[in-house]
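J.: Got a sequence here, can you model it:
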Amino acid sequence: MAAVLKARDLELGRIVALKILPPEAARDPESVNRFKQEGRAAAKLDHDNVARVYFCGEDQGLHFIAFEFVEGDNLRVLIDRRGPLTAAECVPYMMQVAAGLNHAAERGVVHRDIKPSNILITPDGRAKIVDMGLARYLDSDAVNGGVTQSGVTLGTFDYISPEQALDPRRADVRSDIYSLGCTFYHALTGRPPVPEGTAARKLRAHQNEPPLDPRELNPAVPDELAAVLAHMMAKAPADRYQTPTELIAHLKGLAERLRLGADPLANDSATKAVPAETRLLPQEPRVRPWWVLAVAAVALAAVAFVVATSNPGPAPGVFGGADLAKEKAPDVPLPSEKGVGPPVGLKPPTGPVTTVPALVDRLEDPNATGRVRVELGPGKFDLTKLPRSVSFKGRSLELVGAPGGGTRVVLAADQNRDAPGSLVLKATDETKSLTLRNIWFDLTLTRNVTEEVPPRTELFGLQLDAAQVSLDDCVFSTSDRNLDSYSPRSVAVTRSTAGPLRLDVLRCLFAPGSGVGVTVPTGAKVYVTDSGFAPHEAGIHIESPLIAGADPRAQTTDVQLEHSSFMLDPGECAVETDAPAATSVTTADCLFAPVGGPPVLPTFPTTSAAISRGVVVRVRGARPDGVEVKPRSGRTNAFYNVDLLGTRDDTIEAGDKGFVALKQRPWAIGDTLAAARDPESPWKAFRLKVAGPEVDGALLTVDKKPEPLGAAFYQPDNKRRLTYEGMDGFTWGGIARPKPAAEVRQKVWYPKPPPGTEALPGVYANLGALLDQLRPGEDVLIRHDGELPCDTIKLRSQAKPNEGEFRVTFRPYPGCQPVLTVHKDSELDQTLFKLLGGEVTFENVHFRLAPDQPKERQTVTAVALLGGKGCAFNSCVFTLAEEDEAKVAAVHLPDVEKAMVMKADTRVVPKVTFTNCLVRGRGRGVWVGASRPVTLEMTNTLTALDGPVFFAEAGGEAVAGTSTAKFTRVTVLAGGPVVEMHGKSAEARSSGLVKLDVETSRCLFVAVKDAGLPLVELDGVEPTDWKTVLGWQIKEGEGNRYVNFDPSADLAVIRPGGDGLEKRWTRTDWVANIGEPTNADKRFGTITFAAPVPLLKGLAAVRPADVVAREFLFQDLEDAKTLDAGVDQQEWKKKPLPLANLTKPKP
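T.: Numbers count the residues shown, from 1 in each chain. This is a model prediction of the structure:
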């Protein structure tokens, strides 16, 4: 791609846009030919709406074109910055670009790459076409040098015309008009006509698929402008505007209708005379589907009349007009002259419906045929404010709510089935007639019911009439408490024609109601799966058939209940049937139990014995003749204070086979009824007591991997179980399977649960109790937000010998950001975790380490390594606040002889790693408090310490070995030394220190102004013996960089102690001693960071974003755009540091 630079023409003294062909492209003859072609094409044009070319040439092997420099932004930048533009802005821009295309077309030039980024908008509102890189002369391919070849697709896929995609040589000005239509479709809606998919997908869409009506994406788009766009974007070139002047005529007419003011083409002699045309633009503000039938023939006649008289070009498309015209007025001849085609319409609205009027339009559209799908956006659709009922009558309907929920439809409950505010859906197709998915339906009373209808009257809500009905992932509620005085039917399913009826209810919830969940006619087949029914008089009511003359005794109703829950208080039932009726009810893995409500009196005469308990099936008669209730073979069901069968006079207990009696109420939520009325998450009301060490086996299925009975509302797309959302400590076989606490592999430390929180397996308030159950390789999730004080915790294995070595990882519970702090006391040892064996890892944890009551010899540290293999920190933050004589460190390796008995030769060299971490404040990174070796690895980490990153002191029994410290891509804000080591007193014959070998790779060392400390400080070490204590090497080819250091600054200090003379290393000494590359002096430079490097007191507030390099100056990086040393910010972005819950550290 060519580079465009702002340059000055020294000969003529003017600013130009200099387009330069890259050297690598200049080696390709075809690229050079195409580049020259662009210059020749642009040179043929001289128009206010086309960027002019001044000169084209070559210099020192660089091919260039000098264009007119245009102040302003391109249209793509404006869209990205502001979102969709207004019609008042777009229409003048479209007119100007069309004028530029007209000028090019008159000279035989086709642009072939019109798109938002190739249209510049000046501050005074002038539009200019730029980039003629794909332009072509129409007179001869020879003039084009044979650049365009058959089979090569040229253009931008979001805006390319169908014919240009097939063969660029076929493109003419009508292709540019198509691309211009796509460009301003993007400008008006904020997205291209085909916003997603591969290049092949976009090309296929341009060929075959009408674009979505722009008014669906931006309701502010005028109908007239949508019609113009439709005509510009017609698939066939013959159906578009044939010339830019035809387009300009309609745009001028539209500008007059919109009262846009001054003509932007007043200075263009070629187009200013084009008359404004308004006759063919839509005359009504919003064409409704039911109006089109009446006006289609008239509109078509008008088209024929205008074309036959003074034709300014083909009529712009009217929404839906073309197809209707052909169907309703075939006797009216369509224009057939060359270049004149029928009106072209945009694709009917297919996006989510967001308003009640739009929902009514889509459901009652008389032109809808076949299977109709209506998607609802999130929000509330209140039909009760309408003066009539809303209905659908067609072959098939799929009504779908917003993904993830959030769609609520409010219906009126009334004794009249077609009352205002009701929803009546009728489908005639025998298969997949009606499907309702992911919608929350809520019934409410209307004024005429509360004023005129006596209590206990049956009221109807959602009414469905079809051969097959599917209710998936829906909620049906009656939040209006006044409905408790009546007997509402949430869903009434009927069939007004002869034939079978099937109802599928999948993952639906029926919130508490005084009436019936679903009514079906006798003879229906009903399948209820993974659904929950809160207390109702009847969950499912089978009523006498509505088909005249049908005998209910000759039709068997088949009801199958699977993995569903029914809350049945006394007097309530899961299934109810009118007598006489042949009914078969089969149950599998279901649960039936009361919630503690008062007895419910049915709407038909009954006895007190009949309502003493809830029942699974109730017959509205004296005898249950023809009614069968049975468990599915090999499955089980559970009951608590519920009988199997009831009549108007009595109830019948369940048998033993397939039905298990529970010893206590199974619901886990205390106030189950209130939970079932939760307006946001009622599913948890159906949660069973399957947590804890003692689980009633009767609540589980009989599978090899048992699951809780009843409804889980399992979401297959994201594998969520809404009933058990948020429960931890489970391995789900199909729905759920509780484990004993000791077997839960991921344990939760929940130090401050709210009062009344249910105890779950694997969840502990006390960390010590949790660690007692911990097994090697397990995780501990910290369920806490904000500061969490910790007493000293000893980490050691409680496992059996054959379970392996102790290993544990601490990380936050999902959605939490704990900040671990010391406990508020005056203890000298304020270590949070002491590792006695094995290894420990912390991920995404923030440590704030500050003494609560600082005193001499006090130690505050996150982890103390007394034994074991070591510790690792991934994406962790350490905020240190050392005070007075108290010492603070991220990791401490104390003198183990004072803490435990272990032979020196049996100790493992511990390893400490920091990856993608931030260590800041006043204190020490790693503190080795005795003569013992350690391995330190620090990768992609930022340290901002008023203190040493690595601090070692001699002490205790010396241990053979060498310490290593490897720093890779580390940024050090050097408020203190990188390495500080203190040997024994001057009288000792050796320092007593364990040697430290340091390796650095692409690190960035940054001076802190008021620190004045070196990068290395050795005390108690003879300057001539420093190599016995410290080794430092640079990984080959990966040198470090040094920022903002004063040239005279000392980079290392070695003090022998006593009266010995100290040695200070200058920059030259440093480079020579540590092995930086020979050009090391060029690696000292300056950087301007996103935030100024703070003074010592400000280091505790440093964040990763502060050290982003905005500008840098190094002698060997004069042409580089990115820095080759220090932390890689992209790695931090993959897993952000836990910086949300910070408490300001003490100074």
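J.: Pretty sure residue 1041 sits against residue 1007.
T.: No: Residue 1041 is not in contact with residue 1007 according to Cβ atoms under 8 Å; the separation is 11.9 Å. Quick note: C-beta positions are derived from backbone N, CA and C, even for glycine.
J.: More neighbours: those two, which one.
T.: residue 1041 (25 against 20; other Cβ atoms under 10 Å).
J.: Roughly how far does the residue nearest to residue 1131 when sequence neighbours are not counted sit from residue 841?
T.: In space, and not counting its chain neighbours, residue 1131 is closest to residue 940: 5.1 Å by Cβ to Cβ, 6 or more residues apart in numbering. Distance of residue 940 to residue 841, computed by Cβ to Cβ, to the nearest Å: 17 Å.
J.: Tell me how far the residue nearest to residue 1131 lies from residue 913.
T.: On the measure of Cβ to Cβ, residue 940 and residue 913 end up 11 Å apart.
J.: again, but for residue 756
T.: Computed as Cβ to Cβ, the residue 756 to residue 913 distance reads 42 Å.
J.: Next one: residue 779 relative to residue 914, how far apart?
T.: Taking Cβ to Cβ as the measure, residue 779 falls 20 Å from residue 914.
J.: So if I had to pick from these two, which one is more boxed in?
T.: More neighbours surround residue 914 than the other of residue 779 and residue 914, with 29 against 15 (other Cβ under 10 Å).
J.: Bridged to residue 66, which residues?
T.: Under DSSP bridges, the beta-bridge partners of residue 66 are residue 18, residue 55.
J.: residues touching it, list them.
T.: Shown in contact with residue 66 (Cβ atoms under 8 Å, 6 or more residues apart in numbering): 7, 9, 16-19, 53-56.
J.: ok, and the helix or strand in this structure with the lowest average confidence?
T.: helix 321-328 (a mean of 31; mean pLDDT, DSSP states H and E).
J.: Just list the residues touching residue 663, thanks.
T.: Residues near residue 663 by Cβ under 8 Å, 6+ apart: 696, 698.
J.: Tell me the secondary structure at it.
T.: Per DSSP: H, G, I helix; E, B strand; the rest coil, the local secondary structure of residue 663 is coil.
J.: And it, how close does it get to residue 1020?
T.: Distance from residue 663 to residue 1020, by Cβ to Cβ: 74 Å.
J.: middle-most residue in the chain, spatially?
T.: residue 404 (11.7 Å; Cα atoms, centre = their mean).
J.: And that residue, how close does it get to residue 191?
T.: From residue 404 to residue 191 the distance is 21 Å (Cβ to Cβ).
J.: Could you do residue 725 as well?
T.: 34 Å.
J.: neighbour-wise, which of the two wins?
T.: The residue with more neighbours, out of residue 725 and residue 191, is residue 191; 17 against 14, by other Cβ under 10 Å.
J.: Near the nearest residue to that one once chain neighbours are set aside, how many other residues are there?
T.: Using Cβ to Cβ, 6+ apart and skipping residues adjacent in sequence, the residue nearest residue 191 is residue 217, 6.9 Å away. With neighbours defined by other Cβ under 10 Å, the count for residue 217 comes to 18.
J.: Same check on residue 106?
T.: 15.
J.: still on that earlier bit, do I have it right that the residue nearest to residue 191 meets residue 189?
T.: Yes: contact criterion Cβ under 8 Å: residue 217 and residue 189 qualify, at 4.0 Å.
J.: who touches both of these two?
T.: In contact with both residue 217 and residue 189: residue 84, using Cβ under 8 Å, 6+ apart.
J.: quick revisit: give me the more crowded residue out of residue 756 and residue 913.
T.: Between residue 756 and residue 913, residue 913 has the larger neighbour count (other Cβ under 10 Å), namely 18 against 6.
J.: thought the more buried one was touching residue 937?
T.: Yes: using Cβ under 8 Å, residue 913 makes contact with residue 937 at a distance of 4.5 Å.
J.: okay, now the domains of this structure?
T.: By the assignment in automatic domain parsing, the chain contains the domains 3-68, 73-277, 371-661, 942-1126.
J.: Need the three-state assignment for residue 210.
T.: coil.
J.: gap between stretch 385-404 and the chain center?
T.: Remark: stretch 385-404 is offset 29 Å from the chain centroid, using Cα atoms, centre = their mean, to the nearest Å.
J.: measure it end to end?
T.: Start-to-end span of stretch 385-404 (Cα to Cα, to the nearest Å) is 26 Å.
J.: Figure out which of the domains of the chain is closest to residue 686.
T.: Closest to residue 686 of the domains of the chain is domain 371-661 (Cβ to Cβ; 4.5 Å).
J.: Need the pLDDT of the residue nearest to the centre of the chain.
T.: We have a pLDDT of 73 for residue 404.
J.: before we move on, which element is it in?
T.: According to DSSP states H and E, residue 404 maps onto no helix or strand at all.
J.: count of neighbours near the closest residue to residue 1030 other than its chain neighbours?
T.: Excluding its sequence neighbours, the residue lying closest to residue 1030 (Cβ to Cβ, 6+ apart) is residue 996, at 5.6 Å. For residue 996, the count of nearby residues is 22 (other Cβ under 10 Å).
J.: Now residue 996: phi and psi?
T.: phi -120, psi 120 (degrees, to the nearest 10).
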